[in-house]
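S.K.: coordinates only, sequence not included:
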């Protein structure tokens, strides 16, 4: 069991649906991240939050909308996605956004867009 | 732009056959190099952090080393349960975000 929990583990959605991915960390960290992992490609950073404030948006399309209500919870709201958005979405956390801190990952949410 | 290249892309070993995985990196101001293990369908599991050239870290059959241009993950007498994808990532500058390589997929057979 990891200190970062993601739900759901698997999600299938149509291109017109609206769904959300949820992440909770139990490590007492202050920074949280969303990464995308597609086949044969390196993990791509999507968003960074530090003490609930967004500090980085890595040119992510607006059909992905993050929300961080507190330092322990992170959401990724999804709407009007495309089939190429199908991937493993990984949530992660670290003590803060300063370098030198280890980033710990959750088990991921497998998203399939049909 | 930070770059991380891992080789080989895939490696098949017999149980007990030691080998090394390579991670070459180009960054401006390395703050940390991280190794993760990822099992199919799961998130990356943290293994090691290396901060400067010459540093070594060890855990069971794994040993990570680093120079100014590359890092190696040495696997001694591997077992089938060591089969996984091993990811290398770097932190540079003042931010904690990671730049990843594409990984080495390791398969250890009996």
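M.R.: Good, I have the coordinates. Not measured: the values here are computed from a predicted model.

S.K.: close to chain B: what parts of chain A are there?
M.R.: Residues of chain A lying close to chain B (Cβ under 8 Å from any Cβ of the partner chain) are A:2, A:4, A:6, A:31, A:33, A:40-43, A:45, A:48, A:56, A:90, A:94, A:96-108, A:110. Using the backbone N, CA and C atoms, a C-beta is placed for each residue, glycine as well.

S.K.: buried subset of those residues?
M.R.: Buried members of the residues of chain A next to chain B, counted by 16 or more other Cβ atoms under 10 Å in any protein chain shown: A:2, A:4, A:6, A:31, A:33, A:42-43, A:45, A:48, A:90, A:94, A:97, A:99, A:101-108, A:110.

S.K.: who touches the closest residue to residue B:4 other than its chain neighbours in this structure?
M.R.: Closest residue to residue B:4 apart from its sequence neighbours, by Cβ to Cβ, 6 or more residues apart in numbering or on different chains: residue B:101 at 4.0 Å. By Cβ atoms under 8 Å, 6 or more residues apart in numbering or on different chains, the residues touching residue B:101 are A:42, B:4-6, B:23, B:87-89.

S.K.: for residue B:48, see how far away residue B:101 is.
M.R.: As judged by Cβ to Cβ, to the nearest Å, residue B:101 and residue B:48 stand 15 Å apart.

S.K.: out of the contacts of residue B:101, who's the most crowded?
M.R.: Using other Cβ atoms under 10 Å in any protein chain shown as the neighbour criterion, residue B:88 leads the contacts of residue B:101 with 30 neighbours.

S.K.: helix or strand for the closest residue to it other than its chain neighbours, which one?
M.R.: Nearest residue to residue B:88 in three dimensions, chain neighbours excluded: residue B:23, at 3.4 Å (Cβ to Cβ, 6+ apart). Assigned by DSSP states H and E, residue B:23 belongs to strand B:19-26.

S.K.: so is whatever helix or strand comes next after that strand next to chain A?
M.R.: Toward the C-terminus, strand B:19-26 is succeeded by strand B:30-38 as the next helix or strand (DSSP H and E). Yes - interface with chain A: strand B:30-38 contributes B:31-32, B:34, B:36 (Cβ under 8 Å from any Cβ).

S.K.: state the mean pLDDT of strand B:30-38.
M.R.: The pLDDT scores in strand B:30-38 average 95.

S.K.: I'm done for today, thanks for sticking with me.
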